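Engineer: give the three-dimensional model of this entry:
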Amino acid sequence: MYNFERVYGPAESQAVVFEDVRPLLISLLDGYNVCIMAYGQTGSGKSYTMLGPRSEERSGMPSGADEDSGIIPRAAEELFRLISENPSRSPKVDVSIVEIYNNNIFDLLAKDSSAVMSGVKCQAVTTQEGRSEAAKLTCRAVMSAVEFVGLIHRAVHLRVQHPTLVHKNSSRSHLVVTATLTTASLGSTALQSSQSSAPVDSADRAGQLLARLQLVDLAGSECAAVSGVTGVALKEASFINRSLAALADVLGALSEHCDHIPYRNSKLTHLLQDSIGGDAKLLMILCVSPGQKHMAETLRGLKFGARARQVERRPSRRRPPSSQMRKPGMGLAW
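Structural biologist: Okay, the predicted model is just below:
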């Protein structure tokens with residue numbers, strides 16, 4: 001038996017799923033780092049949950065959210081809707097999009113669309129302020145949800161894909177979309193008030209408030225015997241499974257309150273370090289197959305989610321009154 005906060009059946013709409021995401025965007029504007037990721041085996045619906053239908057299936061549709069849109073375009077619309085409610089202090093939104101392929105980070109906004117692997121390889125680094133990020137990463141300022149979603153559509157086309165026996169368009173990399181919010185400081189009186197309603201470590205040297213939203217479409221966990229991959233695809237599967245194992249190790253270390261958290265064992269966990277653990281808020285969505293032949297992978301995914309649920313978010317030293325506190329490590333099974 002496995003316990004999760006919510007279990008969605010195949011008939012549930014994308015809008016219903018997003019209702020559990022919406023409160024986290026309020027926390028983002030309060031100054032908390034937020035991470036939303038989908039985990040599951042190849043072909044279980046992660047990309048559909050996070051992005052919606054594939055681009056070729058959306059010909060003629062607007063670039064904004066529709067009834068089949070996934071969490072990422074809906075989050076973009078909700079973020080700018082919330083920003084518009086307080087125009088007196090609208091934060092600047094910068095977007096970066098990377099794929100982690102064979103444990104290397106590639107900047108999808110810097111890629112040449114004429115070649116699959118012609119993009120800029122980046123290294124995960126820790127800044128002087130203690131933030132984890134990719135060095136020399138291309139960031140684009142966006143002023144609307146349409147601009148945000150447009151960047152994602154262009155970047156997803158450059159993502160590495162190979163067919164397998166399980167999925168004809170299997171993504172062979174982890175997709176990480178990061179939106180960084182920079183909010184100008186208020187006046188001295190207002191600043192004192194604002195500092196009491198945001199996490200202490202959300203202020204940078206310039207006195208601006210920073211929060212980071214990371215939206216992650218993980219590559220699928222994969223059993224080579226089932227997917228039938230060989231050659232290059234088999235090497236990709238090995239890197240995918242190792243990085244997912246590193247993510248499980250990080251969650252396990254956090255749940256056990258270990259002194260050392262092995263973030264640097266993988267580029268994936270190093271890049272997500274600021275959004276996993278500490279007082280950041282993590283929403284984990286499990287995508288599982290109802291097929292009997294996929295039972296082993298389904299059980300593996302459920303065990304992964306159960307491990308994520310055991311992670312306890314460290315309480316903020318200064319807790320925002322408006323954020324809706326959610327239990328961290330939230331597991332949703334599709």
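Engineer: tell me the phi and psi of the closest residue to A280 other than its chain neighbours?
Structural biologist: Spatial nearest neighbour of A280, excluding adjacent residues (CB to CB, 6 or more residues apart in numbering): N33 at 4.0 Å. Every residue, glycine included, has its C-beta placed from N, CA and C. Torsion angles at N33 (phi, psi; degrees, to the nearest 10) stand at phi -70, psi 140.
Engineer: N33: how many residues sit nearby?
Structural biologist: 27 (other CB atoms under 10 Å).
Engineer: wait, it sits on L282?
Structural biologist: No: using CB atoms under 8 Å, N33 is not in contact with L282, being 9.3 Å away.
Engineer: can you list residues touching both of those two?
Structural biologist: S275 (CB atoms under 8 Å, 6 or more residues apart in numbering).
Engineer: give me the mean pLDDT for stretch 149-156.
Structural biologist: In this model, stretch 149-156 has an average pLDDT of 89.
Engineer: may I see the buried residues of that stretch?
Structural biologist: V149, G150, L151, I152, A155, V156 (16 or more other CB atoms under 10 Å).
Engineer: make TSV out of the residues you listed and add distance to H260 and secondary structure.
Structural biologist: Putting the buried residues of stretch 149-156 into TSV (distance: CB to CB, whole Å; DSSP: H, G, I helix; E, B strand; the rest coil) gives the following:
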residue	distance to H260	secondary structure
V149	39	helix
G150	41	helix
L151	36	helix
I152	35	helix
A155	34	helix
V156	35	helix
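Engineer: tell me the one of those residues nearest K293?
Structural biologist: V156 (28.7 Å; CB to CB).
Engineer: can you show me the strands along the chain?
Structural biologist: For the chain, the strands defined by DSSP state E cover 6-7, 34-40, 92-101, 104-107, 120-122, 124-126, 132-134, 140-142, 161-162, 170-171, 174-183, 209-217, 281-287, 330-333.
Engineer: give me the neighbour count for D66.
Structural biologist: With other CB under 10 Å as criterion, D66 counts 14.
Engineer: how about the contacts made by it?
Structural biologist: Neighbours of D66 in contact, by CB under 8 Å, 6+ apart: G52.
Engineer: relative to L151, how far out is it?
Structural biologist: To L151, D66 is 18 Å away according to CB to CB, to the nearest Å.
Engineer: same deal with L181?
Structural biologist: Counting by CB to CB, the gap from L181 to L151 is 16 Å.
Engineer: for G305, same thing?
Structural biologist: For G305 relative to L151 (CB to CB), the value is 30 Å.
Engineer: and for M295, the neighbour number?
Structural biologist: 12.
Engineer: now do the same for S88: its pLDDT.
Structural biologist: Confidence score, pLDDT, at S88: 71.
Engineer: what residues are up against it?
Structural biologist: So S88 contacts nothing (CB under 8 Å, 6+ apart).
Engineer: list phi and psi for the closest residue to T298 other than its chain neighbours.
Structural biologist: Excluding its sequence neighbours, the residue lying closest to T298 (CB to CB, 6+ apart) is V288, at 4.6 Å. Main-chain torsions, V288, degrees, to the nearest 10: phi -130, psi 150.
Engineer: gap between V288 and V17?
Structural biologist: 14 Å.
Engineer: more crowded one of the two?
Structural biologist: V288 (22 against 18).
Engineer: hmm, the more buried one is touching R300, no?
Structural biologist: No: the pair V288 / R300 is not scored as a contact, 9.6 Å apart, by CB under 8 Å.
Engineer: give the residues shared as contacts by those two.
Structural biologist: Common neighbours of V288 and R300 (CB under 8 Å, 6+ apart) are Q41.
Engineer: low-confidence stretches in the stretch 1-150 of the chain?
Structural biologist: Applying pLDDT under 70 to the stretch 1-150 of the chain flags the ranges 54-65, 111-120, 122-135.
Engineer: and the helices in it?
Structural biologist: Counting by DSSP state H, counting those that start in this stretch, the stretch 1-150 of the chain has helices at residues 14-18, 22-29, 46-51, 71-84, 145-156.
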